[in-house]
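>>> predicted structure and sequence below. I'll ask about it afterward.
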Amino acid sequence: MKRTAEHCGLEVLRVYWYDATKDALFTDEHKRIGLLPDVKVRLGRISFNGEQKGVDLKLGLDLVGVARNRAASVAFLMSGDDDLAEAVEEAQDLGMKVVLVGLDNPNHRLGATSVAEHLALRVDSIITLSTDLIEECFTKTVAEQPRPTPAVAVQPPAPTPAPATPSVPRPSDMAARPAPPRGRMILPSPPRPYRSEAHLVYSSGGTGPTILPPEDSPLDVAFEVGESVATNWYGTITQGELNELLADRPILPVEIDRVLLKDCAQRIGEYKTDLQGVRRALREAFWAKLDQLI
């Protein structure tokens with residue numbers, strides 16, 4: 001506040017504090033912030049994959065609204081997101097000066113940390129806060145324990161009479177080798193749950209199934225991605241949203257289906273993700289994991 005007052009010499013109208021929570025509901029921390037004098041808390045939502053939704057939109061609308069009503073002549077923006085560039089230019093067209101506030105970084109070509117060049121080129125000026133001020137005002141804390149993750153039952157390997165071999169061979173290697181000597185067993189990896197058809201990919205142009213390797217195969221990745229997305233989504237939704245999803249089963253909303261395909265493509269590429277069997281495995285794994293969670 002002192003830094004902004006030194007820059008413009010004007011009285012502060014209000015401080016807008018933007019954040020996102022589940023269902024855009026106030027937490028105890030947000031309530032304490034909102035009760036501070038001349039502070040208004042504006043909350044967006046957190047999506048099922050952990051992304052903030054609606055925060056930039058609220059900030060942009062508030063900025064343009066204050067400028068249009070001529071409630072303030074200078075706005076100090078503490079954000080480096082280039083998505084706000086259009087809102088900044090709209091506020092400037094209405095007669096408001098927009099000053100970007102960043103963290104001092106002499107080694108950066110813009111002189112500030114985490115500021116998008118697209119946004120920096122559109123604001124009227126940039127002022128910085130020293131890192132010493134941030135360290136003085138904020139305390140960095142580390143959680144004693146990480147957030148719990150869903151437990152996954154793993155079947156322990158069966159004991160073998162002979163010493164373990166350096167690596168477990170693939171099924172294709174086992175088929176090419178002669179039978180092991182008597183008194184020695186080589187066991188394949190235990191199957192993952194609900195994967196009775198995990199290694200069959202049905203092509204829309206062929207008449208028979210294509211056999212994929214069981215280890216590190218696209219279908220294995222598809223099941224992992226489907227389970228992960230289901231877990232993350234279930235941890236952020238309301239009961240009403242869950243009921244809506246179950247009512248349309250087995251059809252998935254476009255937003256969820258897009259995340260499934262995107263995450264899978266990042267692991268195995270777009271070409272393999274387009275396979276009919278991989279897409280089916282993604283959706284089946286999502287529903288199977290969701291059934292376990294509920």
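Everything's here; your move. Every value quoted in this text rests on a predicted model; they were computed, and no experiment measured them. Residues are numbered from 1 along each chain as shown.
>>> quick one, what contacts Phe14?
You called it Phe, but residue 14 is Arg. Residues near Arg14 by C-beta atoms under 8 Å, 6 or more residues apart in numbering: Asp38, Val39, Lys40. C-betas here are computed from N, CA, C, even on glycine.
>>> which SSE is the residue nearest to Ala72 when sequence neighbours are not counted in?
Spatial nearest neighbour of Ala72, excluding adjacent residues (C-beta to C-beta, 6 or more residues apart in numbering): Leu13 at 4.8 Å. Taking DSSP states H and E as the definition, Leu13 sits outside all helices and strands.
>>> from Ala67, how far off is Leu13?
12 Å (C-beta to C-beta, to the nearest Å).
>>> compare these two (neighbour count), which wins?
Ala67 (23 against 13; other C-beta atoms under 10 Å).
>>> could you export the contacts of Arg14 as a markdown table, including neighbour count and pLDDT?
Converted to a markdown table, those look like this (neighbours: other C-beta atoms under 10 Å; pLDDT from 0 to 100):
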| residue | neighbour count | pLDDT |
| --- | --- | --- |
| Asp38 | 9 | 88 |
| Val39 | 12 | 93 |
| Lys40 | 13 | 92 |
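>>> which single one of these is nearest to Leu282?
Nearest to Leu282 among these, counting by C-beta to C-beta, is Lys40 at 41.8 Å.
>>> strand partners (parallel or antiparallel) of the helix or strand hosting the closest one?
In this structure, Lys40 is located in strand 39-46 according to DSSP H and E. Sheet pairing for strand 39-46, assigned by DSSP bridges, gives strand 15-21 (parallel), strand 52-53 (antiparallel).
>>> flag every buried residue along the longest one.
So the one you mean is strand 15-21. Buried residues in strand 15-21, defined by neighbour count with 16 or more other C-beta atoms under 10 Å: Val15, Tyr16, Tyr18, Asp19, Ala20.
>>> quick check, nearest of the residues you listed to Asn232?
Using C-beta to C-beta, the buried residues of strand 15-21 come closest to Asn232 at Ala20, 15.2 Å.
>>> which residues pair with that closest one across the strands?
Beta-bridge partners of Ala20, as defined by DSSP bridges: Gly44.
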